[in-house]
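Undergrad: got a structure for you, letters missing:
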Ligand code: V47
Ligand code: SF4
């Protein structure tokens with residue numbers, strides 16, 4: 001790998017790119033300007049090789065996946081973010097709310113299949129009270145104490161704090177006592193105030209998102225971080241977003257994985273076009289290179305598509321997420337990926353990428369290696 005990078009460096013006529021590459025090889029931290037330079041570079045092969053070089057130092061040839069299920073208990077949402085085709089008003093014919101029995105049935109199916117994780121997030125319905133969120137967590141964990149519950153985004157936690165007049169700490173502590181194990185990374189979008197005003201003016205802002213995650217880390221609840229890219233943001237705003245996440249990770253070390261989410265425009269009020277594969281791969285690579293304090297970068301197959309996600313495993317990513325079963329959020333916005341994948345399919349995707357498939361749990365502990 002180093003030999004290939006050396007050849008690519010020799011062929012590159014770009015002195016600044018070569019300087020940054022040498023910095024990466026010496027394991028030095030990149031500045032925001034350098035991350036931006038990599039983003040703007042046309043030398044996708046070199047940027048990708050550098051990211052993969054760093055990834056292999058951290059994860060060897062392992063590529064992770066998990067047997068999990070996404071459950072979205074409701075799509076009713078007061079916020080109506082312009083990039084989202086999932087959240088609808090309560091009066092919308094597409095609006096739904098799951099009963100507790102339905103949620104438990106889905107958890108049970110996953111549990112019987114050997115599933116390790118339930119990833120549960122939804123819209124923000126104005127008529128749900130605080131106890132409802134706590135009860136959903138408690139009921140799932142009372143019935144299935146072994147399943148790991150990664151539930152409610154920072155946006156939902158912020159909302160719970162608002163309606164219950166409790167602090168983030170109190171809400172997270174009560175959820176933890178009810179059985180919550182981890183927080184997913186959703187709701188981050190892009191932290192820039194300019195962008196948030198356009199795409200998501202009403203929900204928790206950057207400071208609130210980061211404060212929820214900081215508090216969760218302090219309480220020993222691990223969390224994930226995301227970035228929704230490819231809509232109205234600039235490359236500078238993407239790097240600024242990653243900087244705020246890297247800074248918090250320096251402070252707490254509580255993030256497990258960074259997940260770039262490619263924007264899908266269909267059926268959204270914001271509209272726009274899909275990201276290119278080059279942009280997707282560069283975003284994976286730059287996040288691997290810039291976020292030197294993250295062990296894991298997820299190539300989320302739902303937004304990237306199976307093929308780009310598979311290639312991303314050679315551009316710095318080491319995780320595909322999981323079997324998922326029934327993804328609804330990005331499917332509402334037109335993704336052409338499957339709703340879920342079998343273990344066999346994920347194992348094959350990873351093997352064909354030249355990597356070793358490793359089934360993991362939510363905390364990246366190894367469950368099974370598929371040699
Ligand atoms: O916050 C909404 C995104 C997120 C669209 O933590 C869209 O392991 C693309 O965060 N096009 C929720 N994306 C999903 C999420 C997630 C997914 C997988 C794993 C984890 C994890 C977290 O979905 C939202 C938003 O950023 N989203 N609309 C759209 N039109
Ligand atoms: Fe609601 Fe989340 Fe969709 Fe925004 S992104 S409308 S908060 S479901």
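TA: Yep, it's here. Since the model is a prediction, treat every value here as computed from it, not as a measurement. Ligands and ions are numbered 1, 2, ... in the order given.

Undergrad: so where does the residue in the stretch 1-150 of the chain that ligand 1 sits nearest to fall, helix or strand?
TA: Taking Cβ to the nearest ligand atom, ligand 1 has its nearest neighbour within the stretch 1-150 of the chain at residue 84, 4.2 Å off. Heads up, the C-betas are built off the backbone N, CA and C, glycines and all. Taking DSSP states H and E as the definition, one finds residue 84 inside no helix or strand.

Undergrad: what about the spatially closest residue to it that is not a sequence neighbour, distance to residue 98?
TA: Distance criterion Cβ to Cβ, 6 or more residues apart in numbering; nearest residue to residue 84, sequence neighbours excluded, is residue 268 at 6.5 Å. Computed as Cβ to Cβ, to the nearest Å, the residue 268 to residue 98 distance reads 24 Å.

Undergrad: same thing with residue 347?
TA: From residue 347 to residue 98 the distance is 30 Å (Cβ to Cβ).

Undergrad: buried stuff in the top helix by length along the chain?
TA: The longest helix of the chain (DSSP state H) is helix 235-252. For helix 235-252, a neighbour-count test (16 or more other Cβ atoms under 10 Å) marks 235, 237-246, 248-249 as buried.

Undergrad: kindly report the same for stretch 357-365.
TA: Within stretch 357-365, the residues scored as buried using 16+ other Cβ under 10 Å are 357, 358, 359, 360, 361, 362, 364.

Undergrad: stretch 292-301 now?
TA: 292, 294, 296, 297, 298, 299, 300, 301.

Undergrad: is it anywhere near ligand 1?
TA: Yes. Stretch 292-301 reaches ligand 1 (Cβ under 6 Å from any ligand atom) through residue 300.

Undergrad: what comes into contact with that stretch?
TA: 27, 29-30, 54-55, 58-59, 64, 224, 246, 249-250, 253, 255-261, 284, 287-288, 291, 308-310, 312-313, 316-321, 337, 341, 349, 364 (Cβ atoms under 8 Å, 6 or more residues apart in numbering).

Undergrad: may I see the ChimeraX selection of the buried members of these?
TA: Applying 16+ other Cβ under 10 Å to these leaves a buried subset, and the ChimeraX line that selects it is:
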select :30,54,55,59,64,224,246,249,255,256,257,258,259,260,261,284,287,288,291,308,309,310,312,313,316,317,318,319,320,321,337,341,349,364
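
Undergrad: show me the helices in the stretch 51-200 of the chain, by range?
TA: For the stretch 51-200 of the chain, the helices defined by DSSP state H, counting those that start in this stretch occupy 100-112, 130-143, 154-164, 168-178, 193-199.

Undergrad: now render those as CSV, adding mean pLDDT.
TA: What follows is these, written out as CSV (pLDDT from 0 to 100):
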stretch, mean pLDDT
helix 100-112, 96
helix 130-143, 98
helix 154-164, 98
helix 168-178, 98
helix 193-199, 97
